[in-house]
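J.: only geometry, no sequence info:
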């Protein structure tokens, strides 16, 4: 794990993990990890690439939207409002200092926001595990 930094911003529910890789390399690692776990990558949104298409400059910023209906459906059945936060998302972005971050919604925050049973927490743990693994050296 090295010197990776984890910040849980409780007010926003967003967890930021420092990555030891570029945005593109981090996204590639995340994609490979999702694939290895048979988790579907529904979309990859290249925010910075889209900004460039309209003549605007933005630091590298990409959003992965992923999930597994076997994990997400029971949570949505217990708390239908969570469908606004599912599928799960991981944001990979570069800050003004060139540092790359992996950000995702804390499962605890999602539980608090949507009030689903504690026994379903494990169903949303994929983002946390995959983000931590992708950030490693």
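T.: Received, thanks. Nothing here was measured: the structure is a model prediction, and the numbers come from that model.
J.: secondary structure class for the residue of the chain most remote from its centre?
T.: For the chain, the largest distance from the centre (Cα atoms, centre = their mean) belongs to residue 55, which lies 27.1 Å off. Here residue 55 takes the coil state, with states given by DSSP: H, G, I helix; E, B strand; the rest coil.
J.: Now do the same contact list for it.
T.: Counting by Cβ atoms under 8 Å, 6 or more residues apart in numbering, residue 55 touches no other residue. Yep, even glycine has a C-beta here, placed from its N, CA and C like the rest.
J.: Give me the pLDDT value at it.
T.: Reported pLDDT at residue 55 in the predicted model: 97.
J.: and what of residue 100?
T.: Residue 100 is given a pLDDT of 97.
J.: OK, contacts around residue 64?
T.: 27, 30, 31, 34, 41, 43, 44, 89, 90, 91, 92.
J.: Direction included, what does the helix or strand encompassing it pair up with?
T.: Counting by DSSP states H and E, the element that carries residue 64 is strand 61-67. Counting by DSSP bridges, the strands paired with strand 61-67 are strand 40-46 (antiparallel), strand 88-94 (antiparallel).
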